[in-house]
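Colleague: the following block contains a protein sequence and its predicted model.
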Amino acid sequence: METQKYLWLTSWYPNRNDRFDGDFIQRHAQAVSAFCNIHVIHVQKEEPALVNQSNELNSTGNLSENIIYYSCKKTGIAILDKWISHRNYIRCYKKAITNYILENGKPVAVHVHVAMKAGLVALWIKRKWGIPYVVTEHWTGYYRQGVPSLYDQNPVYRFKNKRVLKDAELFLPVSKDLGETVQREFISVDYKVIPNVVDSNLFYFKPQERKVFRFIHVSLMNYQKNPEGIIMACSMLKEKGYLFELLMVGNKDERLIQFSAELGLTDKEIYFESTVPYSEVARRMQESSVLLLFSRFENLPCVILEALCCGLPVISSLTGGIAEVVDANNGILIKSENINELVMAMQKMMDNYAFYDRKDIAEKAVVKFKYDTVARQLMAIYEQLPLMDRS
């Protein structure tokens, strides 16, 4: 029996400009490709403009990826440059999809990851060939406090975004909170939560006996993640006489290094690392005691799921869908931007660390977020989609 084919259109996806952009979407694709053929098409603008157009083709097992790069000459008129870029983006997508269908036939369905802008192409496919599509959404922009936010966009953008979600067979947010937020704040559509996945071959429980208690934070250290708040909390915890380490992974920002020094944290107490490979993130988590997250806004960050699969308790601000996976048995939730609460949570965690059963935390998380579990949930969605004329 021929393996069924599904076409994925992605607004974010790892590319030569940023190998970590939407890497969680790529892991979704890797997981589902164990059960069907997945062909990903991603169109990426080159900045600065280097070439007119080029393709990057990758294939592993049932997963094939076509990353298309385009660039535009700038006119110096912002609104015109934006229109030209959008036109070229859609044109590249349409050409790639037409060629794919000519060579492979119609896919069973289209799966969009992040509605804007790839979802606009799914609308075109549905009109032209009658192929149904679903939308998985990861974007924090549906939250009004998000930066950037959907509500800062122009009315045309918001209208098109609504159209993409409205015409989808099903909306698949990665957290219940995101689904409810979209329903309440933006558009009423049916949804089913399908979480992000974790590579449990990398992120798993590995017993460690550390001499020094280590907190770990993994992010790009941007405004959303509030790294300054974490550093301030560590300084305050040190003043209370606690001995610990803080490992900050993802962006070795000189500004943060200087800020930590000004607060009296030495390079033996706080360590900064630039971006490391995915496998190295897993190893650093396995060598740590607790994951720290103090975000101003979130959806449901993969780093929490990965930490739980390693058996790490989590201290996090209560934002987005985090409360759906973090409870009293595997972590502590605090108010966003409340540094005193963060300090108290860190202190409580260190004082009561023996309470947390790391092996149990890992086992429960792996069952929920491993590739096989999430892939089967998506396949069940695919099998419920309406049949189409594939002639």
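Modeller: On my side now, so go ahead. Treat the numbers as computed from the prediction; the structure is a model and nothing was measured.
Colleague: OK, contacts around the residue nearest to residue 21 when sequence neighbours are not counted?
Modeller: Counting by CB to CB, 6 or more residues apart in numbering, residue 12 is the residue found nearest to residue 21 once chain neighbours are left out, at 5.3 Å. C-beta here means a position set from N, CA and C on the backbone, and glycine is covered the same way. By CB atoms under 8 Å, 6 or more residues apart in numbering, the residues touching residue 12 are 21-22, 25, 113-114, 138.
Colleague: how about stretch 30-45: buried residues?
Modeller: Residues of stretch 30-45 classed as buried by neighbour count (16 or more other CB atoms under 10 Å): 30-33, 35-45.
Colleague: of all the residues you listed, which two lie farthest apart?
Modeller: Every pair in the buried residues of stretch 30-45 was compared (CB to CB); the two farthest apart turn out to be 35 and 45, at 32.2 Å.
Colleague: count the neighbours of residue 188 for me.
Modeller: When neighbours are defined as other CB atoms under 10 Å, residue 188 has 10 of them.
Colleague: what's the helix or strand for it?
Modeller: Assigned by DSSP states H and E, residue 188 belongs to neither a helix nor a strand.
Colleague: chain neighbours aside, what residue packs nearest to residue 107?
Modeller: Leaving aside its chain neighbours, residue 107 sits nearest to residue 7 (4.1 Å; criterion: CB to CB, 6+ apart).
Colleague: related to what we said a few turns ago, buried subset of the contacts of residue 12?
Modeller: Of the contacts of residue 12, these count as buried by 16+ other CB under 10 Å: 21-22, 25, 113-114, 138.
Colleague: want to throw those into JSON lines with distance to residue 198 and secondary structure?
Modeller: Output for those, formatted as JSON lines (distance: CB to CB, whole Å; DSSP: H, G, I helix; E, B strand; the rest coil):
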{"residue": "21", "distance to residue 198": "19", "secondary structure": "coil"}
{"residue": "22", "distance to residue 198": "16", "secondary structure": "coil"}
{"residue": "25", "distance to residue 198": "14", "secondary structure": "helix"}
{"residue": "113", "distance to residue 198": "17", "secondary structure": "strand"}
{"residue": "114", "distance to residue 198": "20", "secondary structure": "coil"}
{"residue": "138", "distance to residue 198": "15", "secondary structure": "coil"}
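Colleague: okay, strands next: where are they in the protein?
Modeller: Ranges of strands within the chain are 5-10, 37-45, 53-60, 63-70, 109-113, 133-137, 170-173, 214-218, 245-250, 270-274, 290-293, 314-317, 331-334, based on DSSP state E.
Colleague: nearest to residue 379, of those strands?
Modeller: Residue 379 lies closest to strand 5-10 among those, at 9.7 Å (CB to CB).
Colleague: quick one: strands adjacent to the closest one?
Modeller: With DSSP bridges as the test, strand 5-10 is paired with strand 37-45 (parallel), strand 109-113 (parallel).
Colleague: check contacts around the residue nearest to residue 212 when sequence neighbours are not counted.
Modeller: Setting aside the residues directly before and after it, residue 212 is nearest to residue 245 in space (CB to CB, 6+ apart), at 5.1 Å. Counting by CB under 8 Å, 6+ apart, residue 245 touches 212-215, 268-271.
Colleague: and the residues you listed, which are buried?
Modeller: 213-215, 269-271.
Colleague: residue 58: how many residues sit nearby?
Modeller: As a burial measure, residue 58 scores 12 neighbours (other CB under 10 Å).
Colleague: can you dump the C-alpha coordinates of stretch 169-177 into PDB?
Modeller: C-alpha atoms of stretch 169-177 as PDB (Å, rounded to 0.1, in the frame of the first residue of the first chain):
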ATOM      1  CA  GLU A 169     -10.600  22.100   8.600                       C
ATOM      2  CA  LEU A 170      -9.200  22.400  12.100                       C
ATOM      3  CA  PHE A 171      -7.100  24.700  14.200                       C
ATOM      4  CA  LEU A 172      -4.400  23.000  16.100                       C
ATOM      5  CA  PRO A 173      -2.800  25.200  18.800                       C
ATOM      6  CA  VAL A 174       0.100  23.700  20.800                       C
ATOM      7  CA  SER A 175      -1.600  24.700  24.100                       C
ATOM      8  CA  LYS A 176      -5.100  25.000  25.400                       C
ATOM      9  CA  ASP A 177      -4.400  28.500  26.600                       C
END
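Colleague: state the mean pLDDT of stretch 6-20.
Modeller: Regarding stretch 6-20, the rounded mean pLDDT is 95.
Colleague: buried ones in that stretch?
Modeller: By neighbour count with 16+ other CB under 10 Å, stretch 6-20 contains the buried residues 6-15.
Colleague: centre of the chain to that stretch, how far?
Modeller: Its chain's C-alpha centre and that of stretch 6-20 lie 12 Å apart, by CA atoms, centre = their mean, to the nearest Å.
Colleague: on that earlier part again, of the buried residues of stretch 6-20, which pair is most distant in space?
Modeller: Spanning the widest gap among these are 6 and 15, at 20.7 Å by CB to CB.
Colleague: any low-confidence regions in this protein?
Modeller: The chain contains residues with pLDDT under 70 at 1-2, 48-53, 387-391.
Colleague: just give me the longest helix of it.
Modeller: Counting by DSSP state H, the longest helix found in the chain is helix 78-104.
Colleague: what's the neighbour count on residue 292?
Modeller: Residue 292: 28 surrounding residues under other CB under 10 Å.
Colleague: which ones are touching residue 47?
Modeller: For residue 47, the contacting residues are 17, 71, by CB under 8 Å, 6+ apart.
Colleague: show me the helices in the chain, by range?
Modeller: 23-32, 78-104, 118-129, 155-167, 176-185, 227-239, 254-262, 278-286, 302-309, 339-351, 358-369, 371-383.
Colleague: next one: the last one to chain centre, how far?
Modeller: How far helix 371-383 lies from its chain's middle: 18 Å, per CA atoms, centre = their mean.
Colleague: so residue 260 touches residue 230, yeah?
Modeller: No: counting by CB atoms under 8 Å, residue 230 is not a contact partner of residue 260; they are 9.7 Å apart.
Colleague: so what's in contact with those two at the same time?
Modeller: Counting by CB under 8 Å, 6+ apart, residue 260 and residue 230 have no common neighbour.
Colleague: any idea how many residues pack against residue 302?
Modeller: Counted with other CB under 10 Å, the neighbours of residue 302 add up to 20.
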